[in-house]
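Asks: Structural data only, the sequence is not supplied:
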């Protein structure tokens, strides 16, 4: 944990971690019941706008853009406030999509550092990363995690989150570990893993496993949890006209809207999800959105159909067992597991190895796959019919007897030819 101090008028030194805790950054103990924790709420634009422009066919696939924090731009005073305020207003008018540049702010209120955003032909979200953590852009994902998962990875149970993300959490850096980002990535992966169809814990797979890397990548999931939040926010309905002036303003501008847009009152705010059960449902909806918009299932199916050895760790899992069975058993019926000698594998070359009057390499090319198993046993000193049957997993030796008859005929034919 990090502990910093703040000098107040040169007279008082304040422990910033204690200050953060005192100002209710964390949920209280009685507020951690799984019926109410975790929680994410939406913020209504009605606090700032009486009317908003809404596309008749909304584009619900936002794109996230990381922008610099105002401190990184060297901004102070009024410029710093204007920078933060623009991001706040921009993100809270998400429903307007590409129409935002026309009404979200007067030209004089747009910071020079963000003026490019008004010319982009895309539905963008602006997020910034705090100095010591990435909670701000990933807060909706954070508030999907149940208390047990947070505790497992040493993450604090924070107060309810607010969507869209709009204000940097200035106090959070004083109560989180220095490896907060890594802990959050691991926690989200642990939360998502059972829903991605993988058999076995994440530890059964290597760090380079594609599905593990996908579930670990928080930026990949950001647009899809945003889609879930949008759909739920729209269910809250719209605010009413607050007064006669608002109605007059609506009538004045309604007919001036460009084609494809409606003029509406803002959406209400509300609870997007509350409690562990609702958060899990939202998680499942996020995965469905990733499948719908990002072909998630197709990606997972392609990965599982083209596994390589490097995808697995040294730990056993059903998926690793299936992979090894496919690799070692289906490719060739000559199983290394019962032979356990490398020199029994035939290598077809220009010269054949003559051993005890048998041309082993040429003979292997004559027998079929099932007969080849018997030949390998014979060459390794397993000569009794009962022992061969037991080595190959047969309940009796009648099958081995029939195969030996066929092998004798082929061996005789080969020796007569030589």
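Replies: Noted; the coordinates are in hand. Only a predicted model underlies this, so the values are computations on that prediction, with no experimental measurement involved. Numbering: from 1, shown residues only.

Asks: From here on, just use CA atoms for contacts and neighbour counts.
Replies: Noted.

Asks: what ranges of the stretch 101-250 of the chain fall below the confidence cut-off?
Replies: Scanning the stretch 101-250 of the chain with the threshold set as pLDDT under 70 gives 102-108, 166-171, 174, 198-206, 208.

Asks: what about the strands in it?
Replies: Using DSSP state E, counting those that start in this stretch, the strands of the stretch 101-250 of the chain run over 124-127, 161-163.

Asks: tell me the most buried of those?
Replies: strand 124-127 (a mean of 22; mean count of other Cα atoms under 10 Å).

Asks: Can you tell me what sits against that strand?
Replies: 62-67, 87, 90-91, 94, 97, 136-137, 165-166 (Cα atoms under 8 Å, 6 or more residues apart in numbering).

Asks: Neighbouring strands - and their directions - for that strand?
Replies: Here strand 124-127 is paired, per DSSP bridges, with strand 63-66 (parallel).

Asks: closest one to residue 26 among the strands of the stretch 101-250 of the chain?
Replies: Residue 26 lies closest to strand 161-163 among the strands of the stretch 101-250 of the chain, at 11.1 Å (Cα to Cα).

Asks: Packing partners of the closest one?
Replies: Other helices and strands packing on strand 161-163, by 3 or more Cα pairs under 8 Å, 6 or more residues apart in numbering; DSSP states H and E, are strand 39-42, helix 135-142.

Asks: same for the last one, what does it pack against?
Replies: What that stands for is helix 135-142. Partner elements for helix 135-142 (3+ Cα pairs under 8 Å, 6+ apart): strand 161-163, helix 180-192, helix 218-234.

Asks: Output these as TSV; include the columns distance to residue 286.
Replies: TSV is the format used below for the helices and strands packed on helix 135-142 (distance: least, Cα to Cα, whole Å):
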stretch	distance to residue 286
strand 161-163	15
helix 180-192	10
helix 218-234	5
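
Asks: Of the ones you listed, which is nearest residue 209?
Replies: So among those, helix 180-192 is nearest, using Cα to Cα, at 12.5 Å.

Asks: Narrow the contacts of strand 124-127 to just the buried residues.
Replies: 62, 64, 67, 87, 90, 91, 94, 97, 136, 137, 165, 166 (16 or more other Cα atoms under 10 Å).

Asks: and the two most separated of the residues you listed?
Replies: 97 and 136 (21.0 Å).

Asks: State the distance from the residue nearest to residue 132 when sequence neighbours are not counted to residue 130.
Replies: Counting by Cα to Cα, 6 or more residues apart in numbering, residue 173 is the residue found nearest to residue 132 once chain neighbours are left out, at 5.6 Å. Distance, residue 173 to residue 130, by Cα to Cα, to the nearest Å: 8 Å.

Asks: Tell me which of those two has more neighbours.
Replies: residue 173 (23 against 17; other Cα atoms under 10 Å).

Asks: what about the helices in the stretch 51-200 of the chain?
Replies: Per DSSP state H, counting those that start in this stretch, the stretch 51-200 of the chain carries helices over the ranges 77-92, 135-142, 147-152, 180-192.

Asks: Nearest to residue 261, out of those helices?
Replies: helix 77-92 (17.9 Å).

Asks: and that closest one, which residues are buried?
Replies: Here helix 77-92 shows 80, 82, 83, 84, 85, 86, 87, 88, 89, 90, 91, 92 as buried, counting by 16+ other Cα under 10 Å.

Asks: between the helices and strands packed on helix 135-142, which gets nearest to residue 40?
Replies: When the helices and strands packed on helix 135-142 are compared (using Cα to Cα), the closest one is strand 161-163, at 4.7 Å.

Asks: got the contact list for the closest one?
Replies: With Cα under 8 Å, 6+ apart, strand 161-163 has contacts from 39, 40, 41, 42, 43, 139, 140, 143, 229.

Asks: Got the domain ranges for the chain?
Replies: 28-311, 336-417 (automatic domain parsing).

Asks: any idea which of these is most buried?
Replies: domain 28-311 (a mean of 17).

Asks: between the helices of the stretch 51-200 of the chain, which one is nearest to residue 265?
Replies: Smallest distance to residue 265 across the helices of the stretch 51-200 of the chain (Cα to Cα): 13.6 Å, for helix 77-92.

Asks: Pull the most distant pair out of the contacts of strand 161-163.
Replies: Of all pairs in the contacts of strand 161-163, the most separated under Cα to Cα is 43 and 143 at 15.5 Å.

Asks: how near is residue 299 to residue 267?
Replies: Counting by Cα to Cα - residue 299 and residue 267 are separated by 35 Å.

Asks: cool, residue 110 as well?
Replies: Distance, residue 110 to residue 267, using Cα to Cα: 24 Å.
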